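1. sequence-free structure coming up:
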């Protein structure tokens, strides 16, 4: 049978999809990119915030039409939305034949055996995945889940507690991919800087990066989703001194007001954020800084929002993504008082992004005349 797979959401979800593709290919399925050609359609969903949930539902309904009017005979929904709203999907979208949440991946062989009435043996493997990112780059997921329990975030409810992979497993995966021509490795996790704490009793990201850099064929290493309160000197020195590690800091601060950060149950505070970012800039003047911001969190006052705007102008992030606060069921922030109306949230978002647009333009102008090495992904 032909199998098509649609991935929604983050790069961590993309790695799950790549493992699914490898699993099905090993079982004799033919992977196709055109939904019209698929006998089996899988939608790997995100269920993080309202906008991603809507995108997932819209995609499921669109693919349900393919099933009704085309070749597709089996519509399968997997991923975070499938974990969070499995019962609702089954009850409200009868075209969906099978729902597999992220918590069920360890039993995927049994689930598929029961459904297809044929024997599926095996599990999802990092070393058997089909890379779907732009060659020669691949994502390396070093852990799953999260222990931070931010008051607005549903990730721990979906993905569970923080779980690191052993260093040996990760190095073996990188060696295999490097032997296939992959040269840039993007390290991902919900919390990369916490890597190793659960299984080794201490932060081990610096050691892991050093090991990856020694593998033949590895050209660049990029790290996503770092937390400032876990960003220690050992990691900073490894990033500064190891020429294969890009001086790229993806650090989601979410806000700058200490009151808002406390309400968000964030571990960082204003003073730590300024201190760590200034230290990064001092150690690595050419560092690229990226962050994410939430505006319109419950109780965010006008003064606290203005404090945030001032900080953005002072810290001068090269890249910034911002979102309006999304109420998520079963999170602590869901029932907080003084929820802010959508019009105010959108106005704050527009103001923030307008300021950031000018900062990004200025930062980019400062690069005029420089010669830099680039990775060509497509020609």
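-> The structure has been received and is ready for your questions. Since we're looking at a predicted model, the values are computed, not measured. Residues are numbered from 1 along each chain as shown.

2. CA atoms for contacts and neighbours, from now on please.
-> Fine.

3. got a pLDDT number for the residue lying closest to residue 175 once chain neighbours are set aside?
-> Nearest non-adjacent residue to residue 175, counting by CA to CA, 6 or more residues apart in numbering: residue 215, 6.4 Å away. With respect to pLDDT, residue 215 scores 98.

4. would it be right to say that residue 215 lies in a strand?
-> No - looking at residue 215 with DSSP: H, G, I helix; E, B strand; the rest coil, it is coil, so not inside a strand.

5. what is the longest helix seen in the chain packed up against?
-> Criterion DSSP state H: the longest helix present in the chain is helix 342-365. In terms of contacts (3 or more CA pairs under 8 Å, 6 or more residues apart in numbering; DSSP states H and E), helix 342-365 is packed against strand 288-295, helix 302-315, strand 319-324.

6. quick one: average pLDDT of it?
-> pLDDT averaged over helix 342-365 gives 96.

7. hmm, back to that, need the winner for burial among the helices and strands packed on helix 342-365.
-> strand 288-295 (a mean of 19; mean count of other CA atoms under 10 Å).

8. got a list of contacts for that strand?
-> 247-255, 305, 317-325, 345, 348-349 (CA atoms under 8 Å, 6 or more residues apart in numbering).

9. equivalent analysis for stretch 348-367, please.
-> By CA under 8 Å, 6+ apart, the residues outside stretch 348-367 that reach it are 295-296, 305, 309, 312-313, 316-320, 322-324.

10. which element, helix or strand, includes the closest residue in space to residue 283 that isn't next to it in sequence?
-> Nearest residue to residue 283, sequence neighbours excluded (CA to CA, 6+ apart): residue 240, at 7.2 Å. In the assignment (DSSP states H and E), residue 240 maps to helix 233-241.

11. by contact count, what packs against that helix?
-> helix 205-213.

12. which residues in the stretch 51-200 of the chain form strands?
-> Assigned by DSSP state E, counting those that start in this stretch, the strands in the stretch 51-200 of the chain fall at 74-79, 98-101, 137-141, 143-144, 163-164, 184-188.

13. tell me the domain boundaries of this structure?
-> Domain segmentation of the chain under automatic domain parsing yields 2-126, 133-246, 247-366.

14. of all these, which one is nearest residue 372?
-> Evaluated over those, closeness to residue 372 peaks at domain 247-366, with 11.3 Å, by CA to CA.

15. now the helices: where do they sit in the protein?
-> 11-26, 50-69, 80-84, 86-92, 108-116, 155-159, 167-179, 197-200, 205-213, 233-241, 258-263, 270-283, 302-315, 342-365.

16. so how far is the fifth one from its chain's centroid?
-> When distances are taken as CA atoms, centre = their mean, to the nearest Å, helix 108-116 is centred 28 Å away from the chain's centroid.

17. same thing with stretch 255-272?
-> 22 Å.

18. and if you look at stretch 249-259?
-> Mean-position distance between stretch 249-259 and its chain equals 17 Å (CA atoms, centre = their mean).

19. so for that stretch, what gets flagged as buried?
-> Within stretch 249-259, the residues scored as buried using 16 or more other CA atoms under 10 Å are 249-257.

20. coming back round to it: and of the strands of the stretch 51-200 of the chain, who's closest to residue 111?
-> strand 98-101 (8.2 Å).

21. out of the helices of the chain, which is closest to residue 377?
-> Once the helices of the chain are compared by CA to CA, helix 167-179 is nearest, at 15.7 Å.

22. which strands or helices does the closest one pack on?
-> Secondary-structure packing of helix 167-179 (3+ CA pairs under 8 Å, 6+ apart): helix 205-213.

23. ok and the helix it packs on relative to helix 233-241, angle-wise?
-> Relative orientation of helix 205-213 versus helix 233-241 (axes from the mean of the first three to the mean of the last three CA atoms, to 10 degrees): 30 degrees.

24. would you mind measuring from residue 91 to residue 174?
-> Distance, residue 91 to residue 174, by CA to CA, to the nearest Å: 42 Å.

25. between these two, who's got more neighbours?
-> Between residue 91 and residue 174, counted using other CA atoms under 10 Å, residue 174 has the larger neighbour count: 27 against 9.

26. great, nothing more from me.
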